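Asks: Give the three-dimensional model of this entry:
(one chain, ligands or ions: 2)
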Amino acid sequence: MAELFDVHPAPEGAPLDREALIAALQEADILVPTITDVIDAPLLGAAGDRLRLIANYGAGVDHIDVATARQRGILVSNTPGVLTEDTADMGMALMLAVLRRMTEGMAKMQEGVWEGWAPEALLGTRLGGKTLGILGMGRIGQALARRARVFGMDIHYHNRRRLHEGLEGPLEATFHERLDSMVTTADVISVNCPHTPSTFHLLNARRLKLMKPTAVIVNTSRGEVIDENALTRMLRAGELAGAGLDVYERGRGVNPRLRELPNVVLLPHMGSATREARLEMGEKVLINMQTFADGHRPPDLVVPSML
Ligand SMILES: NC(=O)C1=CN([C@@H]2O[C@H](COP(=O)(O)OP(=O)(O)OC[C@H]3O[C@@H](n4cnc5c(N)ncnc54)[C@H](O)[C@@H]3O)[C@@H](O)[C@H]2O)C=CC1
Ligand SMILES: O=C(O)C(=O)CO
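Replies: Ligands and ions are numbered 1, 2, ... in the order given. Prediction:
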């Protein structure tokens, strides 16, 4: 980036605080934030006239007020696609970890309390033959579906739009026009839609109660799509069989009552955390910046109607 642009980097390892972000927004033509930098309407209101592009280092843009940016003539781009396969891998890993009770097994080994193989020890649930319900059948949702098919799972999905036959056919996926219907059917639900005003608490207490008590939920998207308090209550009451979470409603804050549950696997937002993805995300940011600087539309432009 420094070879192509006059770069003013944030201090190594530390995100910009709000004051420093405002200063950056006033000085820069292009801002490169990451998903933990909240770029809301008041902050955009403080931006200078120079700012023309926010080239986000990340796929999710729920931390950026894209509509306000647009109104102010500021474009927003992101880095989709290059982290799809890694995030889908992590969705699969969470599913396996919860259904096959991997962290419970590991705890026994670490605590030195394993007493040897026994026919009824740590019995989990087989993935094959179970129904996976995918909420948000975009890039990551489809990548997860491809993997889950290989594990013998039956794919169901709810999405804003039904996939065209060329995509739906090979997955033998069943589309549910109504989310309620998919939630009722699934043995595993995976959240793969973005966090937007229309997806906030899409899985609320009422919908969570529609799930089978034997069902588990996996979230590698954004915590806000699930009512985390309702989920926690139901997991504690045994009204749901388990959860595998990479993301949380309060960003970095994990509900401490979730930590106590053996049937819940918690990861620190690491779905896309591979060296390969991070490098390719950086390349995408550069391509978006340079294309814009050359006077063209950045290839990964985010427009409010996409959200
Ligand atoms: N855990 C992690 O490290 C990562 C998390 N993510 C999260 O995953 C999200 C999804 O990423 P992609 O699959 O690349 O996005 P995408 O845009 O390809 O797919 C999202 C899908 O959700 C659907 N959708 C949107 N609103 C909906 C609604 N109200 N009801 C039903 N479906 C709806 C869209 O139609 C689309 O098919 C990102 O927005 C980001 O928040 C992305 C990368 C890594
Ligand atoms: O890119 C995103 O949206 C993430 O959540 C982390 O890569």
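Asks: Show me the shaky parts of this protein.
Replies: 307 (pLDDT under 70).
Asks: Outline the domain layout of it.
Replies: 18-81+274-306, 84-266 (automatic domain parsing).
Asks: now those domains as a markdown table including distance to residue 6?
Replies: Backbone N, C-alpha and C define where each C-beta goes, glycine included. Shown next, in a markdown table, are the domains of the chain (distance: least, C-beta to C-beta, whole Å):
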| stretch | distance to residue 6 |
| --- | --- |
| domain 18-81+274-306 | 9 |
| domain 84-266 | 31 |
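Asks: possible to save those domains as CSV with mean neighbour count and distance to ligand 2?
Replies: Shown next, in CSV, are the domains of the chain (neighbours: other C-beta atoms under 10 Å; distance: least, C-beta to the nearest ligand atom, whole Å):
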stretch, mean neighbour count, distance to ligand 2
domain 18-81+274-306, 17, 3
domain 84-266, 18, 7
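Asks: Columns distance to ligand 1 on top of those domains, output as CSV?
Replies: Converted to CSV, these look like this (distance: least, C-beta to the nearest ligand atom, whole Å):
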stretch, distance to ligand 1
domain 18-81+274-306, 3
domain 84-266, 2
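Asks: secondary structure class for residue 98?
Replies: The three-state assignment at residue 98 reads helix, by DSSP: H, G, I helix; E, B strand; the rest coil.
Asks: Would you check that it makes contact with residue 216?
Replies: Yes - using C-beta atoms under 8 Å, residue 98 is in contact with residue 216, at 5.1 Å.
Asks: list residues touching both of these two?
Replies: 242, 243, 244, 263 (C-beta atoms under 8 Å, 6 or more residues apart in numbering).
Asks: Spatially nearest residue to the first one, not counting backbone neighbours?
Replies: Yep, that's residue 242 we're talking about. residue 263 (3.7 Å; C-beta to C-beta, 6 or more residues apart in numbering).
Asks: Can you show me the helices along the chain?
Replies: Here the chain has its helices, by DSSP state H, at 18-27, 41-45, 66-71, 84-99, 102-111, 139-150, 165-171, 179-185, 205-210, 228-236, 256-259, 275-293.
Asks: Residue 128 reaches residue 148, doesn't it?
Replies: No - counting by C-beta under 8 Å, residue 148 is not a contact partner of residue 128; they are 9.9 Å apart.
Asks: Next, the contact list for the closest residue to residue 180 other than its chain neighbours, please.
Replies: Nearest non-adjacent residue to residue 180, counting by C-beta to C-beta, 6+ apart: residue 210, 6.0 Å away. Taking C-beta under 8 Å, 6+ apart, we find residue 210 in contact with 180, 183, 184.
Asks: Out of those residues, the closest to residue 305 would be?
Replies: residue 180 (25.6 Å; C-beta to C-beta).
Asks: Tell me which residues touch residue 198, please.
Replies: Here residue 198 is in contact with no residue (C-beta under 8 Å, 6+ apart).
Asks: Find the closest residue to ligand 1 in the stretch 151-300 of the chain.
Replies: Of all residues in the stretch 151-300 of the chain, residue 271 sits closest to ligand 1, at 2.7 Å by C-beta to the nearest ligand atom.
Asks: is it true that that residue touches residue 91?
Replies: Yes - between residue 271 and residue 91 there is a contact under C-beta under 8 Å: 7.3 Å.
Asks: what's the overlap in contacts for these two?
Replies: Joint contacts of residue 271 and residue 91 (C-beta under 8 Å, 6+ apart) are residue 220.
Asks: Restricting to C-alpha, output stretch 263-273 in PDB.
Replies: Backbone C-alpha positions of stretch 263-273 (Å, rounded to 0.1, in the frame of the first residue of the first chain) are rendered in PDB as follows:
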ATOM      1  CA  ASN A 263     -22.800 -28.100  25.300                       C
ATOM      2  CA  VAL A 264     -21.600 -24.600  24.000                       C
ATOM      3  CA  VAL A 265     -18.400 -24.100  22.000                       C
ATOM      4  CA  LEU A 266     -17.200 -20.600  22.000                       C
ATOM      5  CA  LEU A 267     -14.600 -19.200  19.600                       C
ATOM      6  CA  PRO A 268     -13.100 -15.600  19.600                       C
ATOM      7  CA  HIS A 269     -14.400 -14.500  16.200                       C
ATOM      8  CA  MET A 270     -11.800 -16.500  14.200                       C
ATOM      9  CA  GLY A 271     -13.900 -17.800  11.300                       C
ATOM     10  CA  SER A 272     -11.800 -16.200   8.600                       C
ATOM     11  CA  ALA A 273      -8.500 -16.200  10.600                       C
END
